[in-house]
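**Q** pasting the sequence and the predicted model now:
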Amino acid sequence: MRREEKRREEKRREEKRREKRREKRREKRREKRRKEKKREKRRKEKREEKRKEEKRREEKRREEKRREEKRREEKRKEKKRKEKKRKEKKRKEKKRKEKKRKEKKRGKIPSCWGKTTNLHVSKSTRHVHWEQKRARECLMGWCMVVKEQK
(Lines give C-alpha, C1' and ligand atoms only; values in the text may rest on other atoms or scores of the structure.)
Protein backbone atom coordinates (compact mmCIF):
# COMPACT_ATOMS: atom_id res chain seq x y z
CA MET A 1 0.00 0.00 0.00
CA ARG A 2 2.76 2.30 0.89
CA ARG A 3 4.51 1.47 -2.33
CA GLU A 4 1.39 2.04 -4.26
CA GLU A 5 1.01 5.42 -2.75
CA LYS A 6 4.59 6.25 -3.51
CA ARG A 7 4.15 5.28 -7.10
CA ARG A 8 1.02 7.39 -7.45
CA GLU A 9 2.80 10.28 -5.87
CA GLU A 10 5.67 9.84 -8.28
CA LYS A 11 3.25 9.72 -11.20
CA ARG A 12 1.54 12.85 -10.03
CA ARG A 13 4.84 14.68 -9.72
CA GLU A 14 5.87 13.50 -13.14
CA GLU A 15 2.59 14.73 -14.53
CA LYS A 16 3.10 18.08 -12.85
CA ARG A 17 6.56 18.39 -14.36
CA ARG A 18 5.23 17.53 -17.79
CA GLU A 19 2.47 20.07 -17.37
CA LYS A 20 5.00 22.68 -16.33
CA ARG A 21 7.11 21.95 -19.39
CA ARG A 22 4.07 22.10 -21.64
CA GLU A 23 3.08 25.39 -20.08
CA LYS A 24 6.59 26.75 -20.62
CA ARG A 25 6.52 25.69 -24.23
CA ARG A 26 3.11 27.25 -24.70
CA GLU A 27 4.33 30.45 -23.11
CA LYS A 28 7.38 30.44 -25.38
CA ARG A 29 5.17 29.98 -28.41
CA ARG A 30 2.87 32.77 -27.26
CA GLU A 31 5.85 35.04 -26.74
CA LYS A 32 7.20 34.15 -30.16
CA ARG A 33 3.85 34.92 -31.77
CA ARG A 34 3.66 38.24 -29.93
CA LYS A 35 7.12 39.17 -31.07
CA GLU A 36 6.35 38.11 -34.62
CA LYS A 37 3.16 40.18 -34.60
CA LYS A 38 5.06 43.17 -33.32
CA ARG A 39 7.71 42.73 -35.99
CA GLU A 40 5.04 42.39 -38.66
CA LYS A 41 3.30 45.50 -37.40
CA ARG A 42 6.57 47.43 -37.49
CA ARG A 43 7.29 46.21 -41.01
CA LYS A 44 3.81 47.22 -42.11
CA GLU A 45 4.21 50.68 -40.60
CA LYS A 46 7.59 51.08 -42.26
CA ARG A 47 6.15 50.04 -45.62
CA GLU A 48 3.28 52.45 -45.16
CA GLU A 49 5.67 55.25 -44.22
CA LYS A 50 7.84 54.50 -47.24
CA ARG A 51 4.82 54.52 -49.52
CA LYS A 52 3.64 57.84 -48.11
CA GLU A 53 7.12 59.30 -48.48
CA GLU A 54 7.26 58.12 -52.09
CA LYS A 55 3.86 59.66 -52.72
CA ARG A 56 5.01 62.98 -51.26
CA ARG A 57 8.13 62.94 -53.38
CA GLU A 58 6.11 62.14 -56.48
CA GLU A 59 3.70 64.97 -55.70
CA LYS A 60 6.62 67.33 -55.18
CA ARG A 61 8.12 66.32 -58.52
CA ARG A 62 4.81 66.84 -60.25
CA GLU A 63 4.38 70.24 -58.60
CA GLU A 64 7.90 71.22 -59.66
CA LYS A 65 7.19 70.10 -63.21
CA ARG A 66 3.97 72.15 -63.28
CA ARG A 67 5.80 75.21 -61.99
CA GLU A 68 8.53 74.76 -64.57
CA GLU A 69 5.97 74.42 -67.36
CA LYS A 70 4.12 77.51 -66.15
CA ARG A 71 7.37 79.48 -66.07
CA ARG A 72 8.25 78.35 -69.60
CA GLU A 73 4.78 79.29 -70.82
CA GLU A 74 5.10 82.71 -69.18
CA LYS A 75 8.48 83.21 -70.84
CA ARG A 76 7.02 82.25 -74.22
CA LYS A 77 4.15 84.69 -73.78
CA GLU A 78 6.53 87.46 -72.72
CA LYS A 79 8.70 86.80 -75.78
CA LYS A 80 5.63 86.93 -78.02
CA ARG A 81 4.50 90.19 -76.42
CA LYS A 82 7.92 91.76 -76.89
CA GLU A 83 8.05 90.60 -80.51
CA LYS A 84 4.59 92.06 -81.14
CA LYS A 85 5.59 95.34 -79.51
CA ARG A 86 8.79 95.47 -81.56
CA LYS A 87 6.91 94.81 -84.80
CA GLU A 88 4.31 97.46 -83.93
CA LYS A 89 7.07 99.95 -83.20
CA LYS A 90 8.78 99.12 -86.48
CA ARG A 91 5.49 99.49 -88.36
CA LYS A 92 4.77 102.86 -86.74
CA GLU A 93 8.30 104.06 -87.47
CA LYS A 94 7.92 103.00 -91.11
CA LYS A 95 4.57 104.79 -91.34
CA ARG A 96 6.05 107.91 -89.78
CA LYS A 97 9.01 107.90 -92.18
CA GLU A 98 6.69 107.39 -95.17
CA LYS A 99 4.52 110.29 -93.99
CA LYS A 100 7.59 112.48 -93.59
CA ARG A 101 8.85 111.51 -97.04
CA LYS A 102 5.51 112.34 -98.65
CA GLU A 103 5.33 115.63 -96.78
CA LYS A 104 8.82 116.55 -97.93
CA LYS A 105 7.86 115.71 -101.51
CA ARG A 106 4.67 117.77 -101.31
CA GLY A 107 5.92 120.61 -99.14
CA LYS A 108 4.74 121.93 -95.80
CA ILE A 109 1.08 122.62 -95.08
CA PRO A 110 0.56 126.37 -95.32
CA SER A 111 -1.09 128.22 -92.46
CA CYS A 112 -3.44 130.10 -94.82
CA TRP A 113 -5.04 126.94 -96.21
CA GLY A 114 -8.72 126.71 -95.63
CA LYS A 115 -8.90 130.30 -94.45
CA THR A 116 -9.30 132.01 -97.80
CA THR A 117 -12.59 132.44 -99.56
CA ASN A 118 -13.61 130.45 -102.62
CA LEU A 119 -10.80 127.98 -101.94
CA HIS A 120 -11.46 124.44 -100.70
CA VAL A 121 -8.72 122.52 -98.92
CA SER A 122 -8.95 118.80 -98.41
CA LYS A 123 -6.82 117.99 -95.38
CA SER A 124 -6.92 114.23 -96.00
CA THR A 125 -5.58 114.35 -99.56
CA ARG A 126 -3.95 117.78 -99.13
CA HIS A 127 -5.21 118.97 -102.48
CA VAL A 128 -6.42 122.48 -103.26
CA HIS A 129 -9.50 122.82 -105.41
CA TRP A 130 -10.08 126.16 -107.20
CA GLU A 131 -13.47 127.49 -107.98
CA GLN A 132 -12.10 130.24 -110.20
CA LYS A 133 -9.54 129.90 -112.94
CA ARG A 134 -7.79 133.23 -112.36
CA ALA A 135 -5.64 133.09 -109.26
CA ARG A 136 -2.34 134.29 -107.97
CA GLU A 137 0.07 132.96 -105.33
CA CYS A 138 -0.58 133.99 -101.78
CA LEU A 139 1.89 136.16 -99.85
CA MET A 140 3.46 133.06 -98.30
CA GLY A 141 4.00 131.48 -101.66
CA TRP A 142 2.45 128.18 -100.62
CA CYS A 143 -1.05 128.17 -101.97
CA MET A 144 -3.30 129.89 -104.39
CA VAL A 145 -5.68 132.64 -103.35
CA VAL A 146 -8.62 133.65 -105.50
CA LYS A 147 -8.10 137.14 -106.91
CA GLU A 148 -11.47 137.92 -108.40
CA GLN A 149 -14.92 136.42 -108.67
CA LYS A 150 -16.82 136.16 -111.87
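**A** Structure received.
**Q** against Lys100, how distant is Arg34?
**A** 98 Å (C-beta to C-beta, to the nearest Å). Backbone N, C-alpha and C define where each C-beta goes, glycine included.
**Q** kindly report the same for Arg13.
**A** From Arg13 to Lys100 the distance is 129 Å (C-beta to C-beta).
**Q** just Glu73 next, same as before
**A** 41 Å.
**Q** could you do Lys87 as well?
**A** For Lys87 relative to Lys100 (C-beta to C-beta), the value is 20 Å.
**Q** name the helix or strand for Glu49, please.
**A** helix 2-106 (DSSP states H and E).
**Q** how does the chain divide into domains?
**A** When the chain is parsed with automatic domain parsing, its domains come out as 2-107, 108-150.
**Q** if you average pLDDT over each of these, which is lowest?
**A** Sorting the domains of the chain by mean pLDDT places domain 108-150 lowest, at a mean of 46.
**Q** and stretch 86-103, which residues are buried?
**A** Neighbour-count burial for stretch 86-103 flags no residue at all (criterion: 16 or more other C-beta atoms under 10 Å).
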